[in-house]
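Q: Below is the structure, and that's it, no one-letter string:
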């Protein structure tokens, strides 16, 4: 009886000891598993578990391996914002590190997929804009054919009709902006900011009623560069839509930069309209010249009248850097499409109201420019405190 009792006790002791040892080993094993778990690649975990993690971290179901998380974590894993102030950054971006600031843009069309660096097979060098209505679609189609893939085409639609242009293959790669009953200078002020078009060497701002049978865009650009022009236009065929002698095509040269006007029209042979002058019908601006001209366009003066006489303020010497390319010429077809966008007012026909507004804007622009000059020079005369 005693022996049997002692063996029962011994057996219970062994069982208890085995349980304690097993528990300790389990705890040690669990500890090492816990320590080593963060180093386990998520790609080795079962798909269902990875899916659960993805759902927890982002709604787009991207793998957590595709995401990068802030490294500048403060206490409690709350991201901290670095204190940065760079006064030379563009206005409003002073709190950003310069390496992330992108102050200029473009109209390059990009894909919605793939590697961004592989989006563009070719970057257009020049920007060509037309302000158009659908009635002139065939004329614009002929004009666009004169421009190679080095030229980005942009259409400003003043009649609100854009989808009808899809019949032209080139329209698929054009930029379309549609706002009803606006002028090209209204569009230019709002959509052609110098920082937005900084990628283009030259910017064409053309009307819709131009005949281009004798125009070649590549040759035109080559002559503009050859003769050092920052502001230019093609010569106008003498018999159509000619207002100023300066823009009249001369048949015996590549480019001209001055002309003879009517007696008394030019106070100086180097000043408009005898030199340093092109019309607002079909101007072409270098990137640098456009940066200046854009700032001179007034928000409320939408027709641009008077601007042609002030372009000389944006290049120096203006009589050398503004000119007309004679060997690449165009025809002004004088189609009063803009006038039809007006409204009858006080018994005046729509076109007459538009014409009167143009003349009034010219006077306003001249007054503003004269007042700005006066204020500037008066400030120079003030004693410095």
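A: Cool, the structure landed. Here the structure is a predicted model, which is why all the values come from computation and not from measurement.

Q: and residue 175, how many residues sit next to it?
A: Residue 175 is flanked by 15 other residues according to other CB atoms under 10 Å. Heads up, the C-betas are built off the backbone N, CA and C, glycines and all.

Q: Same check on the one 10 residues further on?
A: Other residues near residue 185 number 22, with proximity taken as other CB under 10 Å.

Q: ok, the nearest residue in space to it that is not next to it in sequence - contacts?
A: Of all residues not flanking residue 185 in the chain, residue 304 sits nearest, at 4.0 Å (CB to CB, 6 or more residues apart in numbering). Contact analysis of residue 304 by CB atoms under 8 Å, 6 or more residues apart in numbering lists 183-185, 280, 297, 361.

Q: So which of those residues wins on neighbours?
A: The member of those surrounded by the most neighbours (other CB under 10 Å) is residue 184, with 24 neighbours in all.

Q: Helix or strand for the closest residue to it other than its chain neighbours, just tell me which one.
A: When the adjacent residues along the chain are set aside, residue 184 lies closest to residue 131, with 3.7 Å between them (CB to CB, 6+ apart). With elements delineated by DSSP states H and E, residue 131 resides in strand 126-132, which encompasses its position.

Q: Next: residue 232.
A: According to DSSP H and E, residue 232 maps onto strand 231-236.

Q: which residues of the stretch 201-350 of the chain score low on pLDDT?
A: With pLDDT under 70 as the threshold, the stretch 201-350 of the chain has low-confidence stretches at 240-241, 338-342.

Q: about what we covered before: and the strand holding residue 131, what does it pack against?
A: helix 137-144, strand 151-157, helix 184-191, strand 202-206, helix 217-226 (3 or more CB pairs under 8 Å, 6 or more residues apart in numbering; DSSP states H and E).

Q: try 6 Å
A: With contacts defined as 3 or more CB pairs under 6 Å, 6 or more residues apart in numbering; DSSP states H and E, the packing partners of strand 126-132 are strand 151-157, strand 202-206.

Q: Quick one: closest of those strands to residue 218.
A: strand 151-157 (9.0 Å; CB to CB).

Q: Now do the closest one against helix 217-226, angle only.
A: Strand 151-157 and helix 217-226 are oriented at 110 degrees to each other (axes from the mean of the first three to the mean of the last three CA atoms, to 10 degrees).

Q: Neighbouring strands - and their directions - for the following helix or strand past strand 151-157?
A: For strand 151-157, the succeeding helix or strand toward the C-terminus, using DSSP H and E, is strand 175-178. According to DSSP bridges, the neighbouring strands of strand 175-178, each with its direction, are strand 151-157 (parallel).
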